[in-house]
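**Q** build me a model from this:
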Amino acid sequence: MSSNETTLVEAALRVLNTPDPVDKAKLGDQIANHWLQGLITNPYNPSQPDLIVPDRPARLTNVKLVSPSLMPKLGKAGSLQSRQAIVHSLVHTESWAIDLSWDIIARFGSKQESMPREFFDDFVRVAQDEGRHFTLLAARLEELGSFYGALPAHDGLWDSAVATSKDLFARLAVEHCVHEARGLDVLPTTISRFRNGGDNKTADLLEEVIYPEEVTHCAAGVKWFKYLCSRTRGDNADEESDDDAVNKFHEVVRSYFRGPLKPPFNEKARKAAGFGPQWYEPLAVKDFSQ
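**A** As a prediction, this is how the structure comes out:
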């Protein structure tokens, strides 16, 4: 790992092929530091064919997977059982977020995509954050008397990763501007529920560490989606007011995301991430009873 002969894409594949999420987080943190410190210098080797990225990352089998429709209700954090279930769900989500962050680097970090170095910098930082989130939440889950794998979970997040595996526009839009943004919508309520349930330690972790960093993760998706739109047009127009990017976003989400987006939206956090209501409100369900 300390050798300059290793590319970032090769290192990302090591994370994806590591089954234990604890090891994934540790290895990912090491790789991120090496990249950001300049110990890994090249994102990929342009003289070699693109490396094969696994359709599904290596995962331990200690988590019982069920259909999203069969997941038990998490509750509202009023009981220890509910708090354990919510944190377990968050730990599982973060375990997949580690893989998703390294997957976008490995899958789209090639000469064919020709993304600038800043793209790799941004998603390395996202991956490092997700690993830290997993580690902190897994430790908190154990403090609550449970452990990762004690409850069932679903892999719906990776299903959308598979659906967007051939299109960087789609991956950025669905994973980082839909799923990540949905996390911004629901986290404030989750934090309030933990506080109301008397669990300020979990609430503080979510509010002071995870929530603000998730804003930056969503911002990375918005930023690079706009970049792709601008590059496709071949100009340097002001992307913040770019109707073409908004229209492209609507087109991609309708093609790759099943169903409408669910309000209410966290407009403040979404604005901080770089996109306003014109991006997502036209994609929302109009009738809240649906």
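
**Q** ranges for the helices of the stretch 1-150 of the chain?
**A** For the stretch 1-150 of the chain, the helices defined by DSSP state H, counting those that start in this stretch cover 8-16, 21-36, 80-108, 117-143.

**Q** chain center to the third one, what's the gap?
**A** Taking C-alpha atoms, centre = their mean, to the nearest Å, the mean C-alpha location of helix 80-108 is offset from the chain mean by 8 Å.

**Q** kindly report the same for the second one.
**A** The gap between where helix 21-36 is centred and where its chain is centred comes out at 16 Å by C-alpha atoms, centre = their mean.

**Q** just the buried residues of that helix, please?
**A** 21, 24-25, 27-32, 34-35 (16 or more other C-beta atoms under 10 Å). (Glycine included, C-beta is placed from N, CA and C.)

**Q** which one of those residues is nearest to Q128?
**A** Distance to Q128 across the buried residues of helix 21-36 (C-beta to C-beta) is lowest for A32, with 3.8 Å.

**Q** any chance of the helices of the stretch 1-150 of the chain in JSON lines, plus mean pLDDT and distance to A245?
**A** Shown next, in JSON lines, are the helices of the stretch 1-150 of the chain (pLDDT from 0 to 100; distance: least, C-beta to C-beta, whole Å):
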{"stretch": "helix 8-16", "mean pLDDT": "96", "distance to A245": "27"}
{"stretch": "helix 21-36", "mean pLDDT": "97", "distance to A245": "28"}
{"stretch": "helix 80-108", "mean pLDDT": "96", "distance to A245": "18"}
{"stretch": "helix 117-143", "mean pLDDT": "98", "distance to A245": "16"}
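
**Q** want to try TSV for the ones you listed, with distance to F194 as columns?
**A** Formatted as TSV, the entries for these read as follows, by distance: least, C-beta to C-beta, whole Å:
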stretch	distance to F194
helix 8-16	30
helix 21-36	23
helix 80-108	7
helix 117-143	10
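
**Q** for Q278, see how far away the most far-flung residue of the chain relative to its centre is.
**A** Going by C-alpha atoms, centre = their mean, the residue of the chain most distant from its centre is S47, 30.2 Å out. Note on S47: its distance to Q278, by C-beta to C-beta, to the nearest Å, is 43 Å.

**Q** by contact count, what packs against the helix or strand E213 falls within?
**A** Element membership of E213, judged by DSSP states H and E, is helix 211-233. Contact here means 3 or more C-beta pairs under 8 Å, 6 or more residues apart in numbering; DSSP states H and E; on that basis helix 211-233 packs against helix 117-143, helix 168-171, helix 180-196, helix 243-256, helix 267-272.

**Q** then it to CSV, C-alphas only?
**A** C-alpha atoms of helix 211-233 as CSV (Å, rounded to 0.1, in the frame of the first residue of the first chain):
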residue,chain,number,x,y,z
TYR,A,211,-25.5,14.7,9.6
PRO,A,212,-23.1,17.5,8.5
GLU,A,213,-20.8,15.1,6.7
GLU,A,214,-23.7,13.6,4.8
VAL,A,215,-24.5,17.0,3.4
THR,A,216,-21.0,17.1,1.9
HIS,A,217,-21.6,13.6,0.4
CYS,A,218,-24.7,14.7,-1.3
ALA,A,219,-22.9,17.9,-2.4
ALA,A,220,-20.3,15.7,-4.1
GLY,A,221,-23.0,14.0,-6.1
VAL,A,222,-24.5,17.3,-7.2
LYS,A,223,-21.2,18.8,-8.0
TRP,A,224,-20.0,16.0,-10.3
PHE,A,225,-23.5,15.6,-11.9
LYS,A,226,-23.3,19.2,-12.9
TYR,A,227,-19.7,18.8,-14.1
LEU,A,228,-20.8,15.9,-16.4
CYS,A,229,-23.6,18.1,-17.8
SER,A,230,-21.2,20.9,-18.4
ARG,A,231,-18.6,18.6,-20.0
THR,A,232,-21.2,17.0,-22.2
ARG,A,233,-22.2,20.5,-23.5
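
**Q** what's in contact with that helix?
**A** 115, 119, 122-123, 125-126, 129-130, 133, 168-169, 172-173, 175-177, 180-181, 183-184, 187-188, 191, 236-237, 239-240, 242, 244-245, 248-249, 269-270, 272-275 (C-beta atoms under 8 Å, 6 or more residues apart in numbering).

**Q** in that helix, what's buried?
**A** 211, 213-230.

**Q** just the angle for it relative to helix 243-256, thanks.
**A** Interaxial angle of helix 211-233 relative to helix 243-256 (axes from the mean of the first three to the mean of the last three C-alpha atoms, to 10 degrees): 110 degrees.
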